[in-house]
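A.B. asks: model this:
(2 chains)
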Amino acid sequence: MIRLRAVIVKELRQISRDPFSLGMLIVLPAFMLVLYGFALNFDVRHVRLAVQDRDKSARSRELVASFTHSTYFDQVASPPPGSDLAAITERRVARAVLVIPEGYGRDLAAGRSTPVQLLLDGADSTTASTVLGYAQALAGEENLALVTEALASSGGDVVAPLRLEPRVLFNPELESTQFLVPGLIGFLLMITAVLSTALSVVREKERGTMEQLRMAPLRTAELIIGKTLPYLAISLLATVIILVAARLLFGVEIRGSLLHLLVAVLLYLFGALGFGLFISTLADTQALAFQAGLIASMLPAILLSGFIFQIRIMPAALQAITYLVPARYFLVILRGIILKGEGLLTYWHQVVALAIYGVAVVALASVRLARKEH
Amino acid sequence: MARAVELVDLCKRFGAFQAVDNVSLTVEAGEIFGFLGANGAGKSTTIRMLCGLLAPTSGRASILGIDVSKDPEGVKRRIGYMSQRFSLYDDLSVRQNLRFFAGVYGLHGPEARERQAWAVSMSGLEGKQDRLTGELPGGWKQRLALACAVMHQPKVVFLDEPTSGVDPISRRRFWRLIDEMSQGGVTVFVTTHYLDEAEYCHRLALIHAGKLVALGTVSELKSVFAGHAVLEVVAPRVADALDVIASQPWALETSVFGTRVHVVVADADLGRQQVEKCLAAAGHPPTSIERILPSLEDVFIHHVERAEAARAGAKP
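C.D. replies: This is a model prediction of the structure:
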């Protein structure tokens, strides 16, 4: 206990001597949350739309209104007939151009089918397909209304045969930030936790103090716990700051139990800090430990965790690798607790997986730390 | 009573490189034992094996009767170790370093406070406890590192090149501390490549290319020249003079020290005449020829040359 306390006190003093690193560990994650939270937004809203209404009838205005009254499109230009429509998307004045031909109102009244043109900027294919989807849905609604109206006026008693009534659970607005913020938390915690322990041990190696520690009658467990606990506290503080920032900036509310969230975060941090220790037993310089730690924590946490790319649609080999990525399990738990308000028990598979990961990396790290040189 | 330090046929091999080659020696309690050799001779490797930091390839080492490979933790509790890097935390104050090392050695309560106070007075850092360790001059850091290493009052202390990069006055002061520790019954095992420091040691071991080439007190080591004389020759062109003398059959050994040539001969007076004659004949008349007492350096070079010759003979 005396020895463990000595290591913890020393570690805390060294951390407090280095306000820059401390700031990096605490403030940087919140800063990154803001940056990524705003930048990583998959929602397509307020698409700039140019409208060329050559008909200028009540009907055509009705169609334009159905586009612009949704939150999906904003009308930014009304190019007169004869102007170069391709140039409008080329100069990025608008992403889409809606062209309503002359005689649109008249053809509708006469019961004839009439074409409406949509020009779409396909350079950003993801956005373009989303925009196309919106446009088709709006046109479909308009069509249904027109058909119903026509049938009604011909005296038939009309009921639309199928009406889909979607109700979106847990994220009713379908905001991607709700989905992304938990992933972001997993990603940010992974990086800061891994780097903090990785650098702290390698620093001792570089300065030669590690040898002095190994000469002292200090047990490996005392060294590991003493090195990990201070950073666990700092990472928890960073977690709180991230959650508060997520609430204030993105309206991400924690629906589930805070206690369950704490347990999940502790379990995740345990594995991340242990992984940092393991890296530190492999690297000999701080520069190497930093790079290795960054790559080994950041890339899997972004690419293989289900944070941005769905694991389900990855190739089988890649999916197999994701089972080794703790963020994969953590994200499921985190989304469950934060978005759905569920408890840890629902996710006991993931909890067990995180625990196994943590025990395995800490065991690896202690074997490497305790070993004698040969 | 068990020997303070005992090495039996200790070997360490790194791949094809034999770093320590069959070293056997014993150190008695309270001795200051000097471990001398050039850089890379195997000094640090040996000391790291003795402290349990490095596993030997073969052979055995025991400290105070405890086998290092069987009970490394038991050994670690009983020894102090200080490396040439003065492994302190530069970003902590003197007081914080002392507290940390006291805690790491499991000291607490009044005992911890007493040992810390002792460490401060021993290293002469009174009134500087709140200074950052990184800002201290080398000599002070060195004494603080020693104080931290012996905080738990070990019976055996290993010092790996403790005086490298420290000014001469601090070095002298440091050796006085070592002397005091030895008088208190502590065994000090110290490596150095400063031959002048070897004079402070009770006994010395010379190590060359991993092999123990000589072992004994300073005067015992110097007695390898018993029955011979060492002449110091000053001549205007040292290199030429050396070539001339070295080719003579009566010159047993030659070596250059700055502007002087040391020559080992069987008889002082005869040797003096022979040196004068051959140098004059070669056109480099000597400025002076004097008989000197052999220094440790002469002893060291003597052993290294013999070891090299033996190695060359073994590998035709």
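
A.B. asks: count of residues packed around the closest residue to A:L267 other than its chain neighbours?
C.D. replies: If the residues on either side of it in the chain are set aside, A:L267 comes closest to A:L354, at 4.7 Å by CB to CB, 6 or more residues apart in numbering or on different chains. C-beta coordinates here come from the backbone N, C-alpha and C atoms, glycine included. Neighbour count of A:L354, defined by other CB atoms under 10 Å in any protein chain shown: 23.

A.B. asks: give me every residue that touches A:L354.
C.D. replies: A:264, A:267-268, A:271, A:326, A:329-330, A:333 (CB atoms under 8 Å, 6 or more residues apart in numbering or on different chains).

A.B. asks: Give the rounded mean pLDDT of the helix or strand containing it.
C.D. replies: Per DSSP states H and E: A:L354 is located in helix A:348-370. For helix A:348-370, mean pLDDT rounds to 92.

A.B. asks: which of the residues in that helix are buried?
C.D. replies: Using 16 or more other CB atoms under 10 Å in any protein chain shown as the test for burial, helix A:348-370 gives A:350-351, A:353-354, A:357-358, A:361-362, A:364-366, A:369.

A.B. asks: Which parts of chain A are helices?
C.D. replies: A:2-17, A:19-39, A:58-68, A:85-90, A:104-109, A:125-153, A:176-207, A:209-215, A:220-250, A:258-282, A:286-303, A:316-322, A:326-335, A:348-370 (DSSP state H).

A.B. asks: Of these, flag the one that's most buried.
C.D. replies: helix A:326-335 (a mean of 26; mean count of other CB atoms under 10 Å in any protein chain shown).

A.B. asks: Please work out the angle formed by the directions of that helix and helix A:348-370.
C.D. replies: 140 degrees (axes from the mean of the first three to the mean of the last three CA atoms, to 10 degrees).

A.B. asks: Which segments of the chain make up each domain?
C.D. replies: No chain in the question, so chain A it is. A:19-41+A:175-370, A:47-153 (automatic domain parsing).

A.B. asks: Oops, wrong one, chain B.
C.D. replies: Taken from automatic domain parsing, chain B resolves into B:5-216, B:222-314.

A.B. asks: roughly how far out does the shortest one sit from the chain middle?
C.D. replies: Domain B:222-314 sits 25 Å away from the centroid of its parent chain (CA atoms, centre = their mean, to the nearest Å).

A.B. asks: what helices or strands is the top helix by length along chain B leaning on?
C.D. replies: Assignment by DSSP H gives helix B:296-314 as the longest helix of chain B. Helix B:296-314 sits against helix B:195-198, strand B:203-208, strand B:211-216, helix B:218-222, strand B:253-257, strand B:260-265, with contacts defined as 3 or more CB pairs under 8 Å, 6 or more residues apart in numbering or on different chains; DSSP states H and E.

A.B. asks: one more time with 7 Å, if that's ok
C.D. replies: helix B:195-198, strand B:203-208, strand B:211-216, helix B:218-222, strand B:253-257 (3 or more CB pairs under 7 Å, 6 or more residues apart in numbering or on different chains; DSSP states H and E).

A.B. asks: could you give the angle of it to strand B:203-208?
C.D. replies: 40 degrees.

A.B. asks: So which residues make contact with helix B:296-314?
C.D. replies: Contact with helix B:296-314 is made by B:195, B:198, B:206, B:208-209, B:211, B:213-214, B:218, B:221-222, B:224, B:230, B:253, B:255, B:262, as judged by CB atoms under 7 Å, 6 or more residues apart in numbering or on different chains.

A.B. asks: Tell me which of the helices of chain A approaches B:S247 most closely.
C.D. replies: Set against B:S247 and scored by CB to CB, those come closest in helix A:209-215, at 48.9 Å.

A.B. asks: List the contacts of that closest one.
C.D. replies: For helix A:209-215, using CB under 7 Å, 6+ apart, the contacting residues are A:204, A:223, B:51, B:53, B:76, B:81, B:83, B:87, B:89.

A.B. asks: Where does the prediction get shaky in chain A?
C.D. replies: A:40-42, A:156-160, A:168, A:171-174, A:371-374 (pLDDT under 70).

A.B. asks: Show me which of the contacts of A:L354 is closest to chain B.
C.D. replies: A:G271 (27.2 Å; CB to the nearest CB).

A.B. asks: and that closest one, what is it in contact with?
C.D. replies: A:G271 neighbours (CB under 7 Å, 6+ apart): A:326, A:354, A:357-358, A:361.

A.B. asks: who's sitting farthest from the centroid in chain B?
C.D. replies: B:A281 (42.1 Å; CA atoms, centre = their mean).

A.B. asks: so A:L339 sits right up against A:F170, yeah?
C.D. replies: Yes. A:L339 is within contact range of A:F170, at 4.8 Å (criterion: CB atoms under 7 Å).

A.B. asks: Run through the residues of chain B sitting next to chain A.
C.D. replies: B:51, B:53-55, B:73, B:76-77, B:81, B:83, B:85, B:87, B:89, B:91-92, B:96, B:100, B:103-106, B:108 (CB under 7 Å from any CB of the partner chain).

A.B. asks: Among those residues, name the buried ones.
C.D. replies: Buried among the residues of chain B next to chain A (16+ other CB under 10 Å): B:51, B:53-54, B:76, B:81, B:83, B:85, B:87, B:89, B:91-92, B:96, B:100, B:103-106.

A.B. asks: Next step: the residues you listed restricted to helices.
C.D. replies: B:76, B:96, B:100, B:103-104.

A.B. asks: For chain B, what's the nearest residue on chain A?
C.D. replies: A:A6 (2.4 Å).

A.B. asks: if I read this right, that residue contacts B:V104, doesn't it?
C.D. replies: Yes. With contact defined as CB under 7 Å, A:A6 counts as touching B:V104 (5.2 Å).

A.B. asks: tell me what the longest strand seen in chain A is packed against?
C.D. replies: Ordering each strand of chain A by length in residues (DSSP state E) puts strand A:47-53 first. Under the contact criterion of 3+ CB pairs under 7 Å, 6+ apart, strand A:47-53 touches helix A:58-68, strand A:73-77, strand A:96-100.

A.B. asks: if we can go back for a sec, just send the ones in helices among the buried ones among the residues of chain B next to chain A back as CSV, with pLDDT too.
C.D. replies: Putting these into CSV (pLDDT from 0 to 100) gives the following:
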residue, pLDDT
B:K76, 88
B:Q96, 93
B:F100, 93
B:G103, 92
B:V104, 90
